[in-house]
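[1] Structure for the following, please:
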Amino acid sequence: MGSWAHNSNPNGSGPSEVQTLTDGATITWNVSLGTNSTVTLGGNRTLAITNPQAGQFYSIRVVQDGTGSMTLTLPATSKVSNGGAGAITLTTTAAAIDILTAYYDGSNYYWNSSLNFT
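    Numbering: from 1, shown residues only. Got it, this is the predicted structure:
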C-alpha cells in the first residue's frame, strides 16, 4: 500500500504509513498521524492540513473518481512551483492519479506535482 511513500514518519521511527483521507467538502489531513496520504475526490474539494512541522515534507496521492474533472484547493499559505499562484491543476481524466508533494517552512507550503498517472 505505501510503496510510493518516501517521507519519514514525523516521530522519526521510519517510513510513514499511508493515511486514507476521508472525502468531503473539506478534506482534513492531520499530518501528525503520518506524512503520506491518499484520497479519492468525489467532488471539488478543499484541503486542510493540521499539525504541520517546519522542515517536514508531505505527499498526497490524489485520485479522480469515476467521473473526473474534480478540483482540490490547497491551504491558503500554499505556493506552487512554476508560478502556480497557490493553485494546482489536477489531471481531469476519470480515475487519474496525481502525486502532490509539499515542503512546509513553518509559514508556507511549497508544492510540486507529478501528474497524470493513468
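
[2] can you list the weak-confidence ranges in the chain?
    For the chain, the stretches with pLDDT under 70 are 1-15.

[3] Okay, strands next: where are they in it?
    Taking DSSP state E as the criterion, the chain contains strands spanning 18-20, 26-30, 36-41, 45-50, 56-64, 72-73, 78-80, 97-104, 109-117.

[4] Need these in JSON lines (columns: distance to Ile88 and mean neighbour count).
    C-beta: built from backbone N, CA, C; applies to glycine. Formatted as JSON lines, these follow (distance: least, Cβ to Cβ, whole Å; neighbours: other Cβ atoms under 10 Å):
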{"stretch": "strand 18-20", "distance to Ile88": "19", "mean neighbour count": "16"}
{"stretch": "strand 26-30", "distance to Ile88": "14", "mean neighbour count": "16"}
{"stretch": "strand 36-41", "distance to Ile88": "12", "mean neighbour count": "21"}
{"stretch": "strand 45-50", "distance to Ile88": "10", "mean neighbour count": "17"}
{"stretch": "strand 56-64", "distance to Ile88": "9", "mean neighbour count": "20"}
{"stretch": "strand 72-73", "distance to Ile88": "7", "mean neighbour count": "18"}
{"stretch": "strand 78-80", "distance to Ile88": "6", "mean neighbour count": "18"}
{"stretch": "strand 97-104", "distance to Ile88": "6", "mean neighbour count": "20"}
{"stretch": "strand 109-117", "distance to Ile88": "6", "mean neighbour count": "16"}
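
[5] Take those and write them to TSV, including distance to Leu90.
    Below are the strands of the chain laid out as TSV (distance: least, Cβ to Cβ, whole Å):
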stretch	distance to Leu90
strand 18-20	18
strand 26-30	13
strand 36-41	8
strand 45-50	10
strand 56-64	6
strand 72-73	6
strand 78-80	12
strand 97-104	5
strand 109-117	7
